[in-house]
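Participant: got a structure for you, letters missing:
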Ligand code: PMP
């Protein structure tokens, strides 16, 4: 036995009953309970307000009463505004022989206060509803193939298609026109057997409650009753509804494309999750009460829990409170910002510096501000995502050159012959740990009169004898014009910075949108970074310890037969296959080693790898245990997949 389930919710306002929500289903007995619950929930949580009357009606329906029909084919017409949408309706009705469509559309406003639809004789424009206030209710219908679907959210598109398919199948109905009365839903449709169900993306202004339906009737007065009888009494199940994709413009069905993308990521093994760490970010961390050797942190110098850094942050809170209260150009410019900028400029040997809230924002803001219309940005193909996003936000022409390939860069510059522009590269590449060939690249920048920008996120505190970064590493006399970096890695805090000439920094303060339109860094964050920078300056032995650790770890791995090489604190262990890299990282996790598996799209397909990041605070023992376990896991998972 099947049951018809109907829900109508209303609210009495000023003595009048106002419709809030309505829905109906035709269901198996076993699906009734859960669907009743879902529809009541829909009624109770409607954007139009809280109902004070909910009518739930359940009636038995015999199988042999049911008429099965096909869903109308669906087409969507995109329009720019409601007026254009109205025009489309008039044209479509014209196509099916309705010549007075604009007169019909003029009658639409009469439907706004009706509870059901208007039944209109298309030729005489005579209204045929026995009760014009109530109108005609098309009812007793559902999708044939989704009886057990539970949905407490309205999917306008799906429900409208079911209704329209029934309506235009009624005797003497030649078309239906519908505009939703939901203020948040501006899409409407025109439906007819010969044109199908044509969705029109805008038929009214957003926020307008005006909506209604007109059923267009062509035939004799005597047959009207038969038509109404079909619309109001015949039980109809519509086939081929369930394979329809949900409509992304549907105001409440709009999460479906998001769900689909999540499923897609899961299918492709690209879905990401997070681990919850319950200890400070040290060489050893705790997850789920278990101890791990951490080989995946950017806390290169191990300063995150240094007492001096912590005390500086606490003191700053005591003195300045917890937030900065504004953007730098309004009220959020503390002396702490200016002091840290001065220290950073001094450390990098430039005239000036400017802080951003993250390294990401530093790159996005700087590159988009410098990449003016008509300029060209030359960007290494393996640059960090924040550089790529900065390029995307700029007005410049973006040219990507082969990784660390000065020849390709020069070739592309010659090809493009830009009047002005920028070369941008990571100093240390974040997934490979290799170092940009800066002496050559900078000489190309000079030769072609281009600005040179280097991202020092992974080089500050890491490379160069005393951790000053790439300029020290290559002992460059000619510095890049722009040295960008982050406070979030060696400097144990968060935030980004750009060092350069007074002119450049002045320009960024005026033009970099991520600087201008965001509340500035908080006191504790600034004080922590300032203290960490001070330690880096005064204790270069920390940098030496980090560099020694890298050498030791690589030699331990090599001793175990694992081929690795790096010039920074990032040690890539190339695996190749994505699945195998994930399996090895999972096995290492079981063994108490926290190491990242990096796969497409972060690196190229088939280039999946383990990526170890070392710290000055790893002990030699940590590193040899980790090297041993990594080597075992590489062999174990190899033989497992081969067998
Ligand atoms: N550039 C590079 C090369 C990075 O690796 C990162 C951080 N992963 C950033 C910029 C962004 O820095 P932040 O984390 O401070 O936003």
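Facilitator: In hand now; what should we look at? The model shown is predicted, which means the values in this text are computed figures rather than measured ones.

Participant: Neighbours of the residue of the chain found nearest the ligand, how many?
Facilitator: Distances between the chain and the ligand by C-beta to the nearest ligand atom are smallest at residue 359, namely 2.3 Å. (Each C-beta comes from the backbone N, C-alpha and C, glycine too.) Applying other C-beta atoms under 10 Å, we find 24 residues neighbouring residue 359.

Participant: next structured bit after the lowest-mean-pLDDT helix or strand in the chain?
Facilitator: When the helices and strands of the chain are scored by mean pLDDT, DSSP states H and E, helix 256-267 comes last with a mean of 76. Per DSSP states H and E, the first helix or strand lying C-terminal to helix 256-267 is strand 284-287.

Participant: Which residues of the protein lie near the ligand?
Facilitator: Residues of the chain lying close to the ligand (C-beta under 6 Å from any ligand atom) are 358-360, 363, 384, 386, 426, 430, 455, 457-458, 486, 488, 496.

Participant: Show the model's pLDDT score for residue 14.
Facilitator: pLDDT for residue 14: 76.

Participant: buried set for the helix or strand encompassing residue 514?
Facilitator: Applying DSSP H and E as the criterion places residue 514 in helix 513-516. If you call a residue buried by 16 or more other C-beta atoms under 10 Å, then helix 513-516 has these buried ones: 514, 515, 516.

Participant: what residue ranges in the stretch 1-150 of the chain score low on pLDDT?
Facilitator: 146-150 (pLDDT under 70).

Participant: the longest helix in the protein is where?
Facilitator: The longest helix of the chain (DSSP state H) is helix 620-642.

Participant: Give the rounded mean pLDDT of it.
Facilitator: Helix 620-642 shows a mean pLDDT of 85.

Participant: try stretch 287-303
Facilitator: Stretch 287-303 shows a mean pLDDT of 96.

Participant: any idea how far that stretch is from the chain center?
Facilitator: With C-alpha atoms, centre = their mean, to the nearest Å as the basis, stretch 287-303 stands 28 Å off its chain's centre.

Participant: circling back to that earlier point, need the residues that contact the longest helix of the chain.
Facilitator: The contact list for helix 620-642 (C-beta atoms under 8 Å, 6 or more residues apart in numbering) reads 283-284, 293, 295, 549, 552-553, 556-557, 559-562, 573, 575, 577, 579-580, 583-584, 587-588, 591-593, 595, 610, 612, 614.

Participant: Just the residues contacting the helix or strand following the helix holding residue 514, thanks.
Facilitator: Once the chain leaves helix 513-516, the next helix or strand it forms, by DSSP H and E, is helix 523-538. By C-beta under 8 Å, 6+ apart, the residues outside helix 523-538 that reach it are 301, 303, 306, 308-317, 319-324, 334, 336-337, 339-340, 343-344, 347, 355, 461, 467, 487, 490-495, 542-543.

Participant: Mark which of those are buried, thanks.
Facilitator: Buried by 16+ other C-beta under 10 Å: 301, 303, 306, 309-310, 312-313, 316, 320, 324, 334, 336-337, 340, 343-344, 347, 355, 461, 467, 487, 490-495, 542-543, out of those.

Participant: What distance separates the opening and closing residues of stretch 67-78?
Facilitator: By C-alpha to C-alpha, to the nearest Å, the extent of stretch 67-78 from end to end equals 33 Å.

Participant: who touches it?
Facilitator: Residues contacting stretch 67-78 (C-beta under 8 Å, 6+ apart): 85, 88, 143-144, 161-162, 164-166, 168-169, 191, 193, 195-201, 234-241, 244.

Participant: Check the gap between the residue lying closest to residue 514 once chain neighbours are set aside and residue 389 for me.
Facilitator: Nearest in space to residue 514, with sequence neighbours left out and distances taken as C-beta to C-beta, 6 or more residues apart in numbering, is residue 365 at 3.5 Å. Using C-beta to C-beta, to the nearest Å, residue 365 is found at 10 Å from residue 389.

Participant: in stretch 410-417, what counts as buried?
Facilitator: Residues 410, 412, 413 are the ones in stretch 410-417 that count as buried (16+ other C-beta under 10 Å).

Participant: Kind regards, and thank you for your time.
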